[in-house]
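Q: What shape does this take:
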Amino acid sequence: MTPRQSIGLTTTLLGCLLAMAARAERAPWDGVRADAIRGHVEFLASDLLEGRAAATRGYDIAAAYVAAQFRQAGLEPGGDEGDYLQNVPLLEATPVLPGSGVQLVREGEAYAFEYGTHYLPFADFTSASSTLTAPLVFVGFGVQAPELEYDDYAGVDAQGRIAVALSGAPEHFPAHQRAYHSWSHRKWSKLIEHGAVGLVMVDSLVDAQRVPWERKVAMSWTPQMRWLSEDNAPQNAYPELKLRFLFNHEAAARLFAGAPLDLEQALANAQAGTAQGFELPGMLTLTATTGLRRTQSANVLGLLPGADPQLRDEYVVLTAHLDHLGRGAAVDGDTVYNGAHDNALGVGVLLETARALAGGPRPRRSILFAALTAEEKGLLGSDYLAHRAQQDGRRVAANVNVDMPLIFAPVRDFMALGAEHSSLGALARSALSAEGYRMSRDPAPEEIAFIRSDQFSFVKRGAPAIALKSGLQSRNEAIDIAELQRTYRRTHYHQPSDDLSLPIDYPTAADLARVAVRITLQAANGPRPRWNRGDFFGERFSAN
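A: Predicted coordinates:
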């Protein structure tokens, strides 16, 4: 080897060593790339994937893409039998219009209600054809909260009756208790406990304004689903409530004719937080026909094993739902419900967070990255994952969820929904501060968002959780972030227009990924996240 060659080799080796040292010193969050998030979103929200509805070809393509990204990042398979996919067995139920009907008989006169104009049936997961005739009882919100000295069932006999209940819970309840008592599964369990055999749900004044009846009818084409247990039983089907229907205010007003209060007064009482309940005159017959189909869809799971032998069986789970609504009713000629913000963007943040963490030192606890199916069907993929984790001995230490972060433009703040409930709040605040952001509170607690996304599947099994979203403080005074979010929810949410034509600020999305990296690492390496002392959700669920 000549002296010149020797010098050249030495220089090359030195360069390699310096590059390796630089990579070793670089923190995982420093490697997050905005363009990578953009690339993921542009693929996942393209028409090619046909809206990514659970149990469709478009969703399966999206799942294969995410699995390939996990493999490329160096994550181990976390699904079934050494695969990245965890198959979720599902029962799909579609109400059949010609087979549904509602008739009220009072004082010898019969009145028939009309599908879509007056009512929408919930799917019956236990029978393809059902009929129920029973007397009626109004149970207010259907809430029994002795700790708040509130009871809609006081003096009310619901045994053998079809209950008429309002959505939501009293506005004067603390936000977390209002969320819990608004939870549909809590309401249904209470109805069964009090002997009700059916349900007519009526929107409260708040919910009727939040999602107008016309939008509910327009979206009624989407099938409903439940995941199936090992013995093929649909979970959370509540067969004791033989049929469940949704009535609009016009139809519900007829049920209250001749009752102690009319519907308008009952809604006003509910708005004021007054517990109430009384019998309604007449007999109601509900009839439903449901198309039932067994199918499956998959969660996509990538695993970064923990390095600490004593902690590697504890998991910090980072989640984002992969599904949207698929193809559906045309709006302005467009039938593909792409779900760019809901939730291709969240998955893009998840994938870049996973790549950044997989390239760094192994954490003490294991980290499970999960792109979830069937969130739009009622948090089914996350519920199945949390259920299986319990069965398989995977102890979930914490969940960090990214769902519809709504990053339209640069902001000065982010929200961590649920931060007030556990030590994850302090981790989120620290991570945001390190990235130059403030942490803001939820500006709309009446939306009870904490129970309406996948983090709640882990909360109800005892794991602290937070959900990361954009704040409202714009870095450009000319941009009203709050109005952009309101417009999105009013015009684009669950519509074909939630596509790549909407603005997305990818540098800010990359900052959110950096925040997620920091929170996840702190949760995986530090003390196990804990519920705050005396926290409502911690006391309700930590023993589960």
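Q: ok, and the closest non-adjacent residue to Gly339?
A: Excluding the flanking residues, the one nearest Gly339 by CB to CB, 6 or more residues apart in numbering is His324, at 2.9 Å. Glycine gets a C-beta too; all of them are placed from N, C-alpha and C.
Q: Can you give me every residue that contacts the one you found?
A: 51-53, 337-339, 342-344, 376, 498 (CB atoms under 8 Å, 6 or more residues apart in numbering).
Q: What distance do you get for it to Asp342?
A: Noted for His324: a distance of 6 Å to Asp342, by CB to CB, to the nearest Å.
Q: what's the answer for Arg530, then?
A: From Arg530 to Asp342 the distance is 31 Å (CB to CB).
Q: which of the two has more neighbours?
A: Using other CB atoms under 10 Å as the criterion, Arg530 and Asp342 rank with Asp342 on top: 26 against 15.
Q: Now do the end-to-end distance for stretch 315-335.
A: Stretch 315-335 has an end-to-end distance of 39 Å (CA to CA, to the nearest Å).
Q: Please tell me I have it right and Ala354 contacts Gln72.
A: No - using CB atoms under 8 Å, Ala354 is not in contact with Gln72; the gap is 10.1 Å.
Q: Compare these two (neighbour count), which wins?
A: Counted by other CB under 10 Å, Ala354 and Gln72 do not tie: Ala354 has more neighbours, with 28 against 11.
Q: And the contacts of stretch 479-488?
A: Contacts for stretch 479-488 (CB under 8 Å, 6+ apart): 341, 406, 408-409, 411, 443, 470-474, 498, 502-503.
Q: show me what contacts His185?
A: The contact partners of His185, taken as CB under 8 Å, 6+ apart, are Asn236.
Q: Run the chain-centre distance for stretch 536-544.
A: Its chain's C-alpha centre and that of stretch 536-544 lie 19 Å apart, by CA atoms, centre = their mean, to the nearest Å.
Q: Next up, the contacts around Leu228.
A: Applying CB under 8 Å, 6+ apart, we find Leu228 in contact with 89-91, 234-235, 294.
Q: Check the gap between the nearest residue to it once chain neighbours are set aside and Phe456 for me.
A: Nearest non-adjacent residue to Leu228, counting by CB to CB, 6+ apart: Pro89, 4.2 Å away. Separation of Pro89 from Phe456 (CB to CB): 21 Å.
Q: Which one's more surrounded, these two?
A: Phe456 (27 against 16).
Q: and the next element down the chain from whatever helix or strand the more buried one lives in?
A: Using DSSP states H and E, Phe456 falls within helix 455-459. Counting by DSSP H and E, the next helix or strand C-terminal to helix 455-459 is strand 465-470.
Q: CA atoms only: put that next one into PDB for me.
A: This file holds the C-alpha atoms of strand 465-470, laid out as PDB (Å, rounded to 0.1, in the frame of the first residue of the first chain):
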ATOM      1  CA  ALA A 465     -53.300   7.200  28.700                       C
ATOM      2  CA  ILE A 466     -53.200  10.400  26.800                       C
ATOM      3  CA  ALA A 467     -54.200  11.600  23.300                       C
ATOM      4  CA  LEU A 468     -52.100  14.100  21.400                       C
ATOM      5  CA  LYS A 469     -53.700  16.900  19.400                       C
ATOM      6  CA  SER A 470     -53.000  20.300  17.900                       C
END
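Q: Who does the residue nearest to Gly339 form a beta bridge with?
A: Taking DSSP bridges, one obtains Ala53 as the residues bridged to His324.
Q: Now do the end-to-end distance for stretch 270-287.
A: 29 Å.
Q: so where is the stretch 401-544 of the chain shaky, pLDDT-wise?
A: 446, 543-544 (pLDDT under 70).
Q: Strands along that one, start to end?
A: 413-417, 438-440, 465-470 (DSSP state E, counting those that start in this stretch).
Q: any chance of those strands in JSON lines, plus distance to Phe278 and mean neighbour count?
A: As requested, those are exported to JSON lines (distance: least, CB to CB, whole Å; neighbours: other CB atoms under 10 Å):
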{"stretch": "strand 413-417", "distance to Phe278": "37", "mean neighbour count": "23"}
{"stretch": "strand 438-440", "distance to Phe278": "42", "mean neighbour count": "17"}
{"stretch": "strand 465-470", "distance to Phe278": "39", "mean neighbour count": "26"}
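Q: Now distance to Leu44 too, for those strands, in CSV please.
A: Shown next, in CSV, are the strands of the stretch 401-544 of the chain (distance: least, CB to CB, whole Å):
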stretch, distance to Leu44
strand 413-417, 22
strand 438-440, 28
strand 465-470, 18
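Q: In stretch 423-437, which residues are buried?
A: For stretch 423-437, the neighbour count (16 or more other CB atoms under 10 Å) marks 423-425, 427-429, 431-432, 435, 437 as buried.
Q: make that stretch 84-100, sorry
A: Result for stretch 84-100 [16+ other CB under 10 Å]: buried residues 84-86, 88-95, 100.
Q: Turn those into JSON lines, including secondary structure and distance to Thr133.
A: Output for these, formatted as JSON lines (DSSP: H, G, I helix; E, B strand; the rest coil; distance: CB to CB, whole Å):
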{"residue": "Tyr84", "secondary structure": "coil", "distance to Thr133": "50"}
{"residue": "Leu85", "secondary structure": "strand", "distance to Thr133": "45"}
{"residue": "Gln86", "secondary structure": "strand", "distance to Thr133": "42"}
{"residue": "Val88", "secondary structure": "strand", "distance to Thr133": "36"}
{"residue": "Pro89", "secondary structure": "strand", "distance to Thr133": "34"}
{"residue": "Leu90", "secondary structure": "strand", "distance to Thr133": "31"}
{"residue": "Leu91", "secondary structure": "strand", "distance to Thr133": "26"}
{"residue": "Glu92", "secondary structure": "strand", "distance to Thr133": "28"}
{"residue": "Ala93", "secondary structure": "strand", "distance to Thr133": "22"}
{"residue": "Thr94", "secondary structure": "strand", "distance to Thr133": "24"}
{"residue": "Pro95", "secondary structure": "strand", "distance to Thr133": "19"}
{"residue": "Ser100", "secondary structure": "coil", "distance to Thr133": "15"}
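Q: Pull the most distant pair out of those.
A: Farthest-apart pair in the buried residues of stretch 84-100 is Tyr84 and Ser100; separation 40.3 Å (CB to CB).
Q: still on that earlier bit, Pro212: which of the buried residues of stretch 84-100 is nearest?
A: Pro95 (20.1 Å).
Q: Apart from its neighbours in sequence, what residue is nearest the closest one?
A: Per CB to CB, 6+ apart, closest to Pro95 is Pro121, 4.7 Å.
Q: Quickly list what that neighbour is bridged to.
A: Going by DSSP bridges, Pro121 is paired in beta bridges with Phe245.
Q: for it, what are its contacts?
A: Pro121 touches 95, 100, 115, 243-246, 286, 288, counting by CB under 8 Å, 6+ apart.
Q: swap in His321?
A: Per CB under 8 Å, 6+ apart, neighbours of His321: 343, 346-347, 371-373, 375-376, 381-382, 403, 453-454.
Q: Repeat the analysis, applying 10 Å as the threshold.
A: Each residue near His321 by CB atoms under 10 Å, 6 or more residues apart in numbering is listed here: 52, 54, 299, 339, 342-343, 346-347, 350, 370-376, 379-382, 401-404, 453-454.
Q: just His494 next, same as before
A: Contacts of His494 (CB under 10 Å, 6+ apart): 211, 215, 218-219, 222, 324-325, 328, 337, 339, 342, 376.
Q: Of those residues, which is the most crowded?
A: Busiest of the contacts of His494 [other CB under 10 Å] is Gly339, holding 31 neighbours.
Q: Compute the distance between the residue nearest to Gly339 and Lys187, please.
A: Using CB to CB, His324 is found at 27 Å from Lys187.
Q: quick one: average pLDDT of the strand or helix carrying Thr290?
A: Assigned by DSSP H and E, Thr290 falls within strand 278-304. Predicted confidence along strand 278-304 averages 96 (mean pLDDT).
Q: Show me what the helix holding Phe456 packs onto, helices and strands only.
A: Packing partners of helix 455-459 (3 or more CB pairs under 10 Å, 6 or more residues apart in numbering; DSSP states H and E): helix 175-182, strand 314-321, helix 380-391, strand 395-402, strand 465-470, helix 536-541.
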